[in-house]
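J.: build me a model:
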Amino acid sequence: MEQLPESLPDNPLPLLNEWLKHAKAADVLPNPDAMTLATVSESGAVSARIILCKMLVEEPGYLIFYTNYESPKGIDIGSGSRVAGVFHWDKLDRQVRIEGIAVRSPDDESDAYFATRDKESQIGAWTSVQSQPLGSRQELKDKHVATARKLADLQDESGKTEIPRPPFWGGYRIWIDKVEFWCRGEARLHDRGCWTRSLEASDRGFKVDDWTCTRLQP
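T.: This is a model prediction of the structure:
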């Protein structure tokens, strides 16, 4: 079974990027970039859900996902920005856990990503008040049709419909300060490596310290 390097790297994020690329290339999972994201509400309630990691920026070290800012996870992040995540690639015998601080992505970054989404996904972002009660499935379909008609009136100078990003929808950057890699081992002697660093808030996000690492018993 494949294990972690005998000499653990100083920076774990290139290895995480390598594992993500391998999971995509292996074509054994429908969503290899899927990650379980855990948040904590202001009252202390913990919740988790699956999100898609859209990008990992090795330096200075954060990953990006997109969602409705007014969703439960968005509200949780607004009340306390620490989050945790898990990538689990069962057929590859690999897992990565992360912890860090989530902050909203810059508006221009969210605008650029929203522009790459297909029109139906853009309309869906405007249609849904995520996680709020719904009377029926038909009610949502009717709202989607009405929203599509309203947005169809938005055209640029060439006459092409351009749907703007909703102000309540966009990206989050998770600035990572802890990473743990796991590889399945024979006789349950799994291989684990853990990296930590400190983050200091700054005008440009966070100042980061060097990583420290150690192997962990299974």
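J.: quick one: end-to-end length of stretch 181-193, please.
T.: 5 Å (C-alpha to C-alpha, to the nearest Å).
J.: can you list the weak-confidence ranges in this protein?
T.: 1, 155-160 (pLDDT under 70).
J.: partner strands of whichever strand in it runs longest, with direction?
T.: Scanning the chain for the longest strand, with DSSP state E as the assignment, gives strand 169-183. With DSSP bridges as the test, strand 169-183 is paired with strand 62-68 (antiparallel), strand 94-104 (antiparallel), strand 191-196 (antiparallel).
J.: C-terminal to the first one, what's the next element?
T.: Counting by DSSP states H and E, the next helix or strand C-terminal to strand 62-68 is helix 72-79.
J.: the shortest one now?
T.: Following strand 191-196 in sequence order, the next helix or strand is strand 199-202 (DSSP H and E).
J.: quick one: buried residues of the helix or strand that that next one is followed by?
T.: Counting by DSSP H and E, the next helix or strand C-terminal to strand 199-202 is strand 205-208. Residues 205, 206, 208 are the ones in strand 205-208 that count as buried (16 or more other C-beta atoms under 10 Å). In this view, the C-beta of every residue, glycine as well, is placed from N, C-alpha and C.
J.: swap in stretch 162-170?
T.: 163, 165, 166, 169, 170.
J.: quick one: the nearest residue to the first one once chain neighbours are set aside and residue 71, what's the gap?
T.: Right, the one you point to is residue 163. Among residues not flanking residue 163 along the chain, residue 122 sits closest, at 4.4 Å (C-beta to C-beta, 6 or more residues apart in numbering). Counting by C-beta to C-beta, to the nearest Å, the gap from residue 122 to residue 71 is 17 Å.
J.: which of the two has more neighbours?
T.: residue 122 (22 against 18; other C-beta atoms under 10 Å).
J.: how far off centre is the helix or strand hosting residue 126?
T.: Secondary structure from DSSP H and E places residue 126 in helix 119-127. Centroid displacement of helix 119-127 relative to its chain, using C-alpha atoms, centre = their mean, to the nearest Å, is 19 Å.
J.: and it with strand 62-68, angle?
T.: Relative orientation of helix 119-127 versus strand 62-68 (axes from the mean of the first three to the mean of the last three C-alpha atoms, to 10 degrees): 70 degrees.
J.: check the gap between the residue positioned nearest the centre of the chain and residue 71 for me.
T.: The centre of the chain sits closest to residue 65, judged by C-alpha atoms, centre = their mean, with a distance of 3.4 Å. The gap separating residue 65 from residue 71 is 12 Å, by C-beta to C-beta.
J.: for residue 7, same thing?
T.: 42 Å.
J.: contacts for stretch 184-195, please.
T.: 1, 3-4, 8, 11-12, 93-94, 178-183, 211-218 (C-beta atoms under 8 Å, 6 or more residues apart in numbering).
J.: next one: it to chain centre, how far?
T.: 25 Å.
J.: mind listing the strands the helix or strand where residue 214 lies pairs with, and their directions?
T.: Taking DSSP H and E as the criterion, residue 214 maps to strand 212-216. Note on strand 212-216: by DSSP bridges, its sheet partners are strand 191-196 (antiparallel).
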